[in-house]
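Asks: fold the following for me, if possible:
(one chain, ligands or ions: 3)
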Amino acid sequence: MEAILIGFMGSGKTTVGRLLADQLMTQHADLDDMIVDRAGQAITAIFEEHGEGYFRQLEQQTLRGALAQPGVLSTGGGTPTIPANAAILTASPVPVICLAADDATILDRVSHDTSRPLVNDLDTTALLALKHHRAPLYEAAADLVIQTDQLTPNEIVATIQDWLSQPARRTAQG
Ligand SMILES: Nc1ncnc2c1ncn2[C@@H]1O[C@H](COP(=O)(O)OP(=O)(O)OP(=O)(O)O)[C@@H](O)[C@H]1O
Ligand SMILES: O=C(O)C1=C[C@@H](O)[C@@H](O)[C@H](O)C1
Ligand SMILES: [Mg+2]
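Replies: Residues are numbered from 1 along each chain as shown. Ligands and ions are numbered 1, 2, ... in the order given. Below is the predicted model of the structure:
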């Protein structure tokens, strides 16, 4: 992998990951899509039939496999908040970029979509409590955090490309 995107549900990982891969002329992989392919079931169905614990097992196995592939990886919203996954990301030399957004922005982006089981199951207060609980976990796993509220997906991609091209960052990443 050349870059890994992390962040809360609706932060734009899939949208930005696709565009970034296009700009870098490489392939894009979405961890949620890889899990769906592997399980042969939608994420909502995996949660309903097997529970979140089973989903997290699949997620961890799929993450290990994904890191060996070339391209840009968009993770799931919970991926780096699981300690074993955070350890996998920290041990990897691939730059990890966190897309951050304010509460109102996230609610606006996820509220009309029923594909996220945690959004379906939690009320607004609980969803935002989860977001605040996770914020330090994303920051701990990230090499770069981008506040995305006022940026278009293309502007976010340009910010990432600038950062990836910085010589100091390359040295720091080895
Ligand atoms: N910078 C942005 N500006 C405006 N809209 C955005 C931006 N980034 C993403 N969106 C929109 O927000 C919604 C959620 O984006 P996306 O699916 O990429 O998030 P995600 O981080 O992949 O979520 P999940 O963790 O649930 O997979 C989409 O409708 C997308 O078009
Ligand atoms: O935030 C989360 O824990 C999740 C986010 C989605 O991307 C999916 O990975 C799944 O719905 C769990
Ligand atoms: Mg996504």
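Asks: CA only for contacts and neighbour counts going forward, please
Replies: Noted.
Asks: which strands and helices lie in contact with the helix or strand hosting A135?
Replies: Under the criterion of DSSP states H and E, A135 resides in helix 124-141. Secondary-structure packing of helix 124-141 (3 or more C-alpha pairs under 8 Å, 6 or more residues apart in numbering; DSSP states H and E): helix 83-91, strand 96-100.
Asks: who touches that helix?
Replies: Outside helix 124-141, the residues that touch it by C-alpha atoms under 8 Å, 6 or more residues apart in numbering are 6-8, 80-81, 86, 89-90, 96, 98, 103, 107, 118-119, 145.
Asks: for ligand 2, what are the nearby residues on this structure?
Replies: F8, M9, D32, G76, G77, G78, R116, P117 (C-alpha under 6 Å from any ligand atom).
Asks: do I have it right that the first one meets T75?
Replies: No: in this structure F8 lies outside contact range of T75 using C-alpha atoms under 8 Å: 9.8 Å.
Asks: kindly export stretch 96-104 (C-alpha atoms) in CSV.
Replies: Provided in CSV are the C-alpha atoms of stretch 96-104 (Å, rounded to 0.1, in the frame of the first residue of the first chain):
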residue,chain,number,x,y,z
VAL,A,96,-1.7,6.5,7.7
ILE,A,97,-3.9,9.6,7.0
CYS,A,98,-6.9,10.4,9.2
LEU,A,99,-9.8,12.3,7.7
ALA,A,100,-11.5,14.3,10.5
ALA,A,101,-14.8,16.1,10.5
ASP,A,102,-17.0,18.0,12.9
ASP,A,103,-20.1,16.3,14.4
ALA,A,104,-22.6,18.3,12.3
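Asks: for that stretch, list every residue counted as buried.
Replies: Residues V96, I97, C98, L99, A100, A101 are the ones in stretch 96-104 that count as buried (16 or more other C-alpha atoms under 10 Å).
Asks: tell me what I4 is bridged to.
Replies: Assessed by DSSP bridges, I4 has beta-bridge partners L73, V96.
Asks: so what's T90 up against?
Replies: Contacts of T90 (C-alpha under 8 Å, 6+ apart): A141.
Asks: quick one: it and P70, what's the gap?
Replies: Distance, T90 to P70, by C-alpha to C-alpha, to the nearest Å: 18 Å.
Asks: ok so, going back, neighbour-wise, which of the residues of the chain next to ligand 2 leads?
Replies: For the residues of the chain next to ligand 2, the largest number of neighbours (other C-alpha atoms under 10 Å) sits with F8, at 25 neighbours.
Asks: what residues are up against that one?
Replies: By C-alpha under 8 Å, 6+ apart, the residues touching F8 are G77, G78, L99, A100, K131, R134.
Asks: now with 6 Å?
Replies: Residues in contact with F8 (C-alpha atoms under 6 Å, 6 or more residues apart in numbering) are G77.
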